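Asks: predicted model follows, preceded by the sequence.
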Amino acid sequence: MRVEKFLWRKLGGQISMSAIVVAGGVSKRFGQDKGSVKLDKKPLVLHVLDKVISVVNEVVVVVNSEDQKRKYAELTGRRIRFVVDGADVQTPLAGALAGFKNVHHKYALLLACDTPFLSSEILNFLLEVCVNKTAAIPRWPNGHIEPLQAAYHAKLSAKAAKTALAVGQMDMNSMIANMRNIRYISSAVLRQFDSELATFFNVNTPHDLKKAEIMIKHHVY
């Protein structure tokens with residue numbers, strides 16, 4: 001895929017976009033709310049917001065309670081819209097659905113709150129290639145996909161998420177299985193923007209947090 005042909009939005013074909021940051025999940029491996037954990041003296045969720053806020057017109061952070069909403073509002077200190085997912089079961093898919101239902105624009109990035117090295121260039125690119133598609137999702141050579149760092153048609157994705165949840169399917173892949181007209185983006189293409197693909201680095205455990213601190217210290221991202 002040639003990157004240059006998809007830079008129409010930068011050249012004047014402006015379209016309004018949203019971003020959804022899913023922050024309401026329970027982190028069993030980390031042992032606490034990951035989004036508020038500090039990396040380089042800044043909460044993880046702020047690392048994400050700092051990268052995405054200049055890319056889109058609207059940011060929605062999905063949380064799991066009013067208490068978490070208040071805590072994140074204090075952490076962010078900026079004009080971010082918060083949505084409480086209100087789901088009986090806390091899964092990324094339930095958070096995604098809450099976000100898709102509450103964004104104001106046609107297309108939206110869907111992001112986790114624990115990816116501190118997001119590439120704004122990749123986020124822009126995913127939004128651009130999502131236009132006229134149901135989704136634009138990164139895919140690795142082994143077939144593994146990155147549904148929580150992807151761009152989606154919000155309305156169609158909400159419908160697919162509802163269908164999956166209605167039959168007890170709780171994972172993101174179940175939503176994607178209900179969707180058509182998806183553009184999968186090879187990780188090789190994305191290396192043109194981020195050679196190490198640090199954009200996909202997740203802080204899932206305390207060990208990952210230590211690794212992220214080393215990456216920052218040595219500028220390996």
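Replies: Alright, I've got the coordinates.
Asks: residues of the lowest-mean-pLDDT helix or strand in the chain that come out buried?
Replies: Counting by mean pLDDT, DSSP states H and E, the weakest-scoring helix or strand in the chain turns out to be helix 66-76, with a mean of 89. Across helix 66-76, burial judged by 16 or more other CB atoms under 10 Å covers Q68, K69, K71, Y72, L75, T76. Just so you know, the C-beta spots here come from the backbone N, C-alpha and C atoms, and that holds for glycine as well.
Asks: repeat that for stretch 85-103.
Replies: For stretch 85-103, burial by neighbour count (16+ other CB under 10 Å) applies to 85, 87, 91-103.
Asks: related to what we said a few turns ago, reformat the buried residues of helix 66-76 as CSV; add distance to S174.
Replies: Formatted as CSV, the buried residues of helix 66-76 follow (distance: CB to CB, whole Å):
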residue, distance to S174
Q68, 25
K69, 27
K71, 30
Y72, 27
L75, 31
T76, 31
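Asks: ok, the residues you listed vs V52, which is closest?
Replies: Closest approach to V52 among those (CB to CB): T76, at 12.0 Å.
Asks: wait, that closest one sits on K42?
Replies: No: applying CB atoms under 8 Å as the test, T76 and K42 come out as separate, 11.0 Å apart.
Asks: next, count neighbours for D171.
Replies: Look at D171: counted by other CB atoms under 10 Å, it has 13 neighbours.
Asks: excluding chain neighbours, give the residue nearest to it in space.
Replies: L93 (6.3 Å; CB to CB, 6 or more residues apart in numbering).
Asks: and the one you found, that one's in a helix?
Replies: Yes: counting by DSSP: H, G, I helix; E, B strand; the rest coil, L93 is located in a helix.
Asks: any idea how far it lies from A154?
Replies: From L93 over to A154 the distance is 14 Å, taken as CB to CB, to the nearest Å.
Asks: ok, now which ones touch V56?
Replies: M17, S18, A19, H105, A108, L109, L127 (CB atoms under 8 Å, 6 or more residues apart in numbering).
Asks: if you could redo that for D194, that was the one I meant.
Replies: If you count contacts by CB under 8 Å, 6+ apart, then D194 has S119, E121, I122 around it.
Asks: ok, and the most crowded of these?
Replies: I122 (23 neighbours).
Asks: help me confirm that that one is found in a helix?
Replies: Yes: I122: assigned to a helix according to three-state DSSP.
Asks: that one contacts T199, correct?
Replies: Yes: I122 lies in contact with T199 (CB under 8 Å); the separation is 5.3 Å.
Asks: anything in contact with each of these two?
Replies: Q149, L190.
Asks: which residues touch the least confident helix or strand of the chain?
Replies: With CB under 8 Å, 6+ apart as the criterion, helix 66-76 contacts 23-24, 33, 35-36, 43, 45-46, 49, 61, 63, 80, 82, 84.
Asks: please repeat the previous calculation with a cut-off of 6 Å.
Replies: Contacts to helix 66-76, defined as CB atoms under 6 Å, 6 or more residues apart in numbering, come from residues P43, V63, F82, V84.
Asks: got a PyMOL select line for the buried ones in the residues you listed?
Replies: Burial among the contacts of helix 66-76 is assessed by 16+ other CB under 10 Å; the matching PyMOL selection reads:
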select buried, resi 43+63+82
